[in-house]
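> Quick one: sequence plus predicted model below, questions after.
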Amino acid sequence: MEFEWDVSKEHANIKKHGVTFFEATSSFYDGNGIQLVDKKHSKDERRYYWVGRSDSGRVLTTWFTKRGSKIRIVGSAEWRKLRRLYEATKNK
């Protein structure tokens, strides 16, 4: 997988959520990860959520879009609501 992101958005994300986009990329390799469509923000292009465990052990929700063959990360954080969904589906 190939990833890209805006560096200034990453800095804002680190300040707000304490998550680097590099860490967020590691969650995409979680075999138990879940992909959801972000209907609210899919206006000009389709946006998605990825919920997966990162290399640090945190379950991250990462907002992203697909641009050609690349995954463009928009934001990433730990969301309790989607962590519960992840844990519930992982245990099935």
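Arrived safely.
> CA atoms for contacts and neighbours, from now on please.
Noted.
> residues of stretch 56-75 that come out buried?
Using 16 or more other C-alpha atoms under 10 Å as the test for burial, stretch 56-75 gives 58-65, 71-75.
> Okay, buried residues for the host helix or strand of residue 9 please.
According to DSSP states H and E, residue 9 maps onto helix 7-17. Of the residues in helix 7-17, 10, 13-14 count as buried by neighbour count, 16+ other C-alpha under 10 Å.
> List the beta-bridge partners for the spatially most central residue of the chain.
Centroid-nearest residue in the chain: residue 62, 1.4 Å away (criterion: C-alpha atoms, centre = their mean). Assessed by DSSP bridges, residue 62 has beta-bridge partners residue 50, residue 76.
> That one and residue 74 touch, don't they?
Yes - using C-alpha atoms under 8 Å, residue 62 is in contact with residue 74, at 7.5 Å.
> give the contact list for the residue lying closest to residue 60 once chain neighbours are set aside.
Closest residue to residue 60 apart from its sequence neighbours, by C-alpha to C-alpha, 6 or more residues apart in numbering: residue 78 at 4.8 Å. Contacts for residue 78 (C-alpha atoms under 8 Å, 6 or more residues apart in numbering) come out as 17, 58-61.
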